[in-house]
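> let's see this in three dimensions:
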Amino acid sequence: MKYGLMADLHLHRWTQFAGTTPEGLNSRLAGLLGEIERCAVEVSSAGGTVVVMAGDIFHVRGSIVPSVLNPLRDMLERCHDAYGVTFIVLAGNHDLEGRDSERLGSAVTALESAWVKVVNEPAYFPGVNAHMVPWIEDIEKLKAAIEDLSTFAGQYPTPPNIRAKRDLIIHAPIDGVIEGLPAHGLTPEWLADQGFRTVFSVNYHHHKVMANGKVVIIGALAHTTWSDVRSK
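The predicted model follows:
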């Protein structure tokens, strides 16, 4: 099953390195929205119909403004109408008012529509053959949620021979992605041992392939912080 995958969009009314387009959009925001459309075009051309956004859609934690939200909603609708693409959106830590993902305090809930499914709790999506887990701050609780997915997810039992055919998409910090950062206890080796085909993760903005290709750090669409400079 083919699907598009992006993360850490950090949509925002940027002030640095930004201006205003003739349409009144923040220019950095407009560039990121254009990448959503480019992804939709690529997915449609490849025969897919789904784009997964794996969290941190918005930049200011738990807060959005109309001049960011409305252009994003318009772009998602445009991609659906023009290319037949639907979207699955995970809640990342920047999308949340509180410490953990819940619908009440999740900014991405504002994107829900007939063509946008929002993931505020662990879920399995047969259409893309992937389990998805939004932001859970406590690493032990996150690992327990992933282990539970490894056994059962709703009505979809996942013994080893089935797990090996499914992806896992999470929004979480993985040890070793960025040198010098303290370990949190979520290692690529542990994730690889859970038996999924591929684990895709995001939180750190740097793209990296780990655990012999079993764990992929998606990476951000663009540099967002100074620490991102010269990263992939």
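
> ok, the spatially most central residue of the chain to Val60 distance?
When Cα atoms, centre = their mean is applied to the chain, the residue found nearest the centroid is Ala54 (0.7 Å). Using Cβ to Cβ, to the nearest Å, Ala54 is found at 19 Å from Val60. No exception for glycine: its C-beta is placed from N, CA and C like everyone else's.

> which residues does the residue lying closest to Asn120 once chain neighbours are set aside contact?
The shortest distance from Asn120 to any non-neighbouring residue, by Cβ to Cβ, 6 or more residues apart in numbering, is to Arg103 (4.5 Å). By Cβ atoms under 8 Å, 6 or more residues apart in numbering, the contact set of Arg103 is Thr109, Val118, Asn120, Glu121.

> closest one to Tyr83 out of those, please.
Ranked by distance to Tyr83 (Cβ to Cβ), these are led by Val118 at 20.1 Å.

> secondary structure element holding Gly34?
Per DSSP states H and E: Gly34 is located in helix 27-45.

> how about the residue nearest to the centre of the chain: what's its closest non-neighbour residue?
Spatially, and ignoring its direct neighbours in sequence, Ala54 is nearest to Ala7 (3.8 Å; Cβ to Cβ, 6+ apart).

> and the gap between the one you found and Gly19?
According to Cβ to Cβ, Ala7 and Gly19 sit 26 Å apart.

> same question for Glu121.
Using Cβ to Cβ, Glu121 is found at 39 Å from Gly19.

> who's more crowded, those two?
With neighbours defined as other Cβ atoms under 10 Å, Glu121 and Gly19 compare such that Glu121 has more, 16 against 11.

> contact partners for the more buried one?
Applying Cβ under 8 Å, 6+ apart, the residues near Glu121 are Ser101, Glu102, Arg103, Pro134.

> near Asp81, how many other residues are there?
With other Cβ under 10 Å as criterion, Asp81 counts 10.

> swap in the one 10 residues further on?
The criterion is other Cβ under 10 Å. On that basis, Ala91 has 27 neighbouring residues.

> before we move on, what about the one 5 residues further on?
With neighbours defined by other Cβ under 10 Å, the count for Leu96 comes to 24.

> what pairs with it across the strands?
Here Leu96 sits in beta bridges with Ser106, going by DSSP bridges.

> who's in contact with it?
Applying Cβ under 8 Å, 6+ apart, the residues near Leu96 are Arg61, Gly62, Glu102, Gly105, Ser106, Ala107, Trp135.

> make TSV from these and add neighbour count and distance to Val89 to it.
TSV is the format used below for these (neighbours: other Cβ atoms under 10 Å; distance: Cβ to Cβ, whole Å):
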residue	neighbour count	distance to Val89
Arg61	14	16
Gly62	14	15
Glu102	15	15
Gly105	16	15
Ser106	27	10
Ala107	22	10
Trp135	25	12
